[in-house]
Every structure is written in C-alpha cells, then in structure tokens.
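Asker: model the following, please.
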Amino acid sequence: MERTIINTNIRLNLNRPEDRQAWNYLQALDRKKYKSYSRAVVAAVNEYFARQERLAADPYLETREKEDAFLQKVLETIREGLQASGAGLAGLTALLQGIHPAAPPPEPVMTDEDLDTAMDFINSL
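Answerer: Numbers count the residues shown, from 1 in each chain. Purely as a prediction, here's the structure:
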C-alpha cells in the first residue's frame, strides 16, 4: 500500500489573540492522545467542518444543544441539592407532612346581653 503524504505548513501570527490561543493549545497538547501536531490539526479541522455541515443541515442544532446542556445542568443541580440535604426526598416529604393547616379561630360565644342587644336593634327597625 502506497502512502500519500501531503506536506503543508501553517503560519501563526502570535500578535493575533486567536493565533496565540491556537499556538498555546498546540504547546499544551496531550501527547498520549495526539502523537503529533498533525494528528491534533487533522482532528480539529475535521470536527470543525463536520459541525459546520451539521449546522447547515439542521439550523436548530445549536439551540437544541444549548437547551440540552441547560436541562442537564438543572438536573445535576437538583440532584446535588437533594443529596446535600441528607435525606433527599424522604426529608422533603417528612417536612411537608409536618406542616399542618392553622386551626380556625374559635366561634364567638353569644352572651344573653349580646342577644338582648341584637333583639333591641332588630325591633328598632
């Protein structure tokens, strides 16, 4: 099998922030994951253009990805909160069961004097 190798170079202008960032990424490259700059550049270029094609085919892909990430963050936060509360749902259920509605105020007791006053008022009409 014949190997076809194309040699090309890239030029990074370290005065430009995005070029400097790319250079910093290449310098901090995980050599166990990427054996060479070429492997890292190939992976990055392929991922970038494949994503551009997916976005062109599905304009709402990015929105759904953001919504999914947000939902995942909400679920993780709720899960962490329940775990941090110790008893989780059992504690919340016990708390809610421990809440009782306030007792209604007692009915006012009518005295004979109150009844006489009420009858006098009615008779005055």
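
Asker: average pLDDT across the lengthiest helix in the chain?
Answerer: Counting residues, the longest helix in the chain under DSSP state H turns out to be helix 61-84. On average, the pLDDT along helix 61-84 is 83.

Asker: ok, now how distant is the most centrally placed residue in the chain from residue 114?
Answerer: By C-alpha atoms, centre = their mean, the chain has its centre lying nearest to residue 73, at 2.7 Å. Note on residue 73: its distance to residue 114, by C-beta to C-beta, to the nearest Å, is 63 Å. Bear in mind the C-beta positions are built from the backbone N, C-alpha and C, glycine included.

Asker: so after the helix or strand of the chain with the lowest mean pLDDT, what's the next helix or strand?
Answerer: Sorting the helices and strands of the chain by mean pLDDT, DSSP states H and E puts helix 89-97 at the bottom, at a mean of 63. Using DSSP states H and E, the next helix or strand after helix 89-97 towards the C-terminus is helix 112-124.

Asker: measure residue 50 to residue 56 for me?
Answerer: On the measure of C-beta to C-beta, residue 50 and residue 56 end up 11 Å apart.

Asker: and stretch 61-81, which residues are buried?
Answerer: Neighbour counts over stretch 61-81 (16 or more other C-beta atoms under 10 Å) mark no residue as buried.

Asker: can we start the residue count at 27 from this point?
Answerer: Sounds good: first residue 27 from here, last item stretch 87-107.

Asker: got the phi/psi numbers for residue 52?
Answerer: Residue 52 adopts backbone torsions of phi -70, psi -40, taken as degrees, to the nearest 10.

Asker: test my guess that it contacts residue 63.
Answerer: Yes: taking C-beta atoms under 8 Å as the definition, residue 52 is a contact partner of residue 63 at 5.7 Å.

Asker: just want to know which of the two has more residues nearby.
Answerer: residue 52 (15 against 12; other C-beta atoms under 10 Å).

Asker: tell me the contacts of that one?
Answerer: Residue 52 is in contact with 63, 66, counting by C-beta atoms under 8 Å, 6 or more residues apart in numbering.
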